[in-house]
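J.: Sequence first, predicted model second:
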Amino acid sequence: MSSPVEASLAIWGLTDTHCEFVAGRENRVYHVKSARGDYALRIKRPGYRERDELVAELQWLEAMEKAGLHVPRPLPSRNGRLLECVDTFFVDVVSWLPGTPLGKSRQPLALKDRLGAFHAIGSEMAGLHAACDAWKRPPGFKRCHWDLEGLLGDTPVWGRFWENPTLSEDTRELFLRFRQAARDRVAELCPDLDYGLIHADLVRENVLLDGETIKIIDFDDGGFGYRQFDMATVLLKNMTEPDYPDLKAALIEGYLSRRVLDLTSLDVFITIRALSYVGWIVPRIHETGGTLRNERFVAEAHNLCTAFFQ
């Protein structure tokens with residue numbers, strides 16, 4: 001194991017453990033098996049989030065777990081802190097949640113009860129939003145804002161998608177035209193749009209199925225945003241499924257069974273979500289697989305923007 005991993009395990013008092021690397025996106029994640037239980041050791045991507053944001057995420061997880069949501073529970077270090085700095089890296093430890101991911105990106109879903117699963121995801125998403133609204137946030141709570149400016153402003157959360165260097169001039173003009181049209185649409189609806197804390201990254205890998213229980217992990221990109229944006233992320237990642245209209249209907253029905261939400265602009269938010277990936281990939285294009293992912297993101301966003309204007 002690398003030095004930061006060994007040092008982190010010592011700070012949390014996790015000795016005599018089996019530690020296995022499992023993922024390396026915004027965090028380098030290790031599955032830690034110990035006599036105390038199973039945990040996820042997360043070494044943060046340098047520069048992606050500030051200390052205050054990372055602490056806020058852990059406070060948020062604590063509150064959601066206490067509210068009955070199935071989310072990772074932060075484990076304090078031996079110093080009593082939720083977040084530590086190890087060899088210039090921010091590090092935390094959260095409980096490891098058992099379960100099977102909803103699916104893998106770009107692979108057909110393999111679910112026994114497809115509609116039941118999406119209904120349950122919609123219901124759990126509504127429960128998350130309701131719990132977030134009921135929670136009294138601590139002073140200094142800081143997370144990003146997926147608002148009009150954070151999505152379509154001059155400095156979006158995930159970058160200026162229209163400046164992706166691989167875009168053709170025609171594609172760039174299409175994206176800019178949609179950006180303006182979507183800004184006008186969202187600005188007009190803003191006073192009535194449901195806005196609050198959202199997960200913001202409910203892709204397949206971040207939704208775990210454990211029997212009939214839905215569990216949600218990876219709140220790295222969570223912040224303040226439009227509730228339709230959470231639903232848009234789920235739908236965008238499943239649009240190629242042959243029964244997508246039924247999955248969409250089940251997701252919406254599950255959500256509305258617990259909470260009211262105006263969905264008249266949902267398709268606009270799906271396209272906005274697609275464009276956000278065109279910005280997100282820019283600093284990652286040269287990573288392994290980055291070129292192909294960029295091509296997919298650009299093509300997907302192009303198709304959705306084109307359909308918007310038809």
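T.: Arrived safely, thanks for sending. These figures come from a predicted structure and were not determined experimentally.
J.: Export only the CA atoms of the element among helices and strands of the chain having the smallest mean pLDDT, formatted as PDB.
T.: Ranking every helix and strand in the chain by mean pLDDT, DSSP states H and E puts strand 18-24 at the bottom, with a mean of 88. What follows is strand 18-24, C-alpha atoms only, in PDB (Å, rounded to 0.1, in the frame of the first residue of the first chain):
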ATOM      1  CA  HIS A  18      -7.300  -5.800   4.400                       C
ATOM      2  CA  CYS A  19      -7.300  -2.700   2.100                       C
ATOM      3  CA  GLU A  20      -8.100  -2.900  -1.600                       C
ATOM      4  CA  PHE A  21      -8.200  -0.100  -4.200                       C
ATOM      5  CA  VAL A  22     -11.600   0.100  -5.900                       C
ATOM      6  CA  ALA A  23     -12.000   3.400  -7.700                       C
ATOM      7  CA  GLY A  24     -10.100   6.500  -8.800                       C
END
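J.: neighbouring contacts of it?
T.: By C-beta atoms under 8 Å, 6 or more residues apart in numbering, the residues outside strand 18-24 that reach it are M1, V5, L9, R28, V29, Y30, H31, V32, K33, S34, A40, L41. (C-beta placed from N, C-alpha, C; glycine too.)
J.: go on, stretch 236-254?
T.: Applying C-beta under 8 Å, 6+ apart, the contact partners of stretch 236-254 are 105, 108-109, 114-116, 118-126, 203-204, 231, 234-235, 263, 270, 273-274, 300.
J.: do the same with stretch 53-63
T.: 44, 49, 71-74, 82-83, 90, 92, 94, 131-132, 135, 137-138, 140-144, 197, 219-220, 222.
J.: Show only the entries of the contacts of stretch 236-254 found in helices.
T.: Assigned to helices by DSSP state H, the following of the contacts of stretch 236-254 qualify: 114-116, 118-126, 231, 234-235, 270, 273-274, 300.
J.: Just the buried subset of these, please.
T.: Neighbour-count burial (16 or more other C-beta atoms under 10 Å) is assigned, among those, to 114-115, 118-126, 231, 234-235, 270, 273-274, 300.
J.: List the buried residues for stretch 130-138?
T.: Those would be A131, C132, W135, for stretch 130-138 by 16+ other C-beta under 10 Å.
J.: how about the first one, secondary structure?
T.: Translated: A131. Three-state assignment for A131 (DSSP: H, G, I helix; E, B strand; the rest coil): helix.
J.: Give the other helices and strands that the following helix or strand past the least confident helix or strand of the chain contacts.
T.: Per DSSP states H and E, the first helix or strand lying C-terminal to strand 18-24 is strand 27-34. Packing partners of strand 27-34 (3 or more C-beta pairs under 8 Å, 6 or more residues apart in numbering; DSSP states H and E): strand 18-24, strand 37-44.
J.: most packed of these?
T.: strand 37-44 (a mean of 20; mean count of other C-beta atoms under 10 Å).
J.: ok, and what's touching that strand?
T.: Residues from elsewhere that reach strand 37-44 (C-beta under 8 Å, 6+ apart): 4-5, 8-9, 12, 14, 19, 22, 26-32, 54, 72, 75, 86, 89-96, 98.
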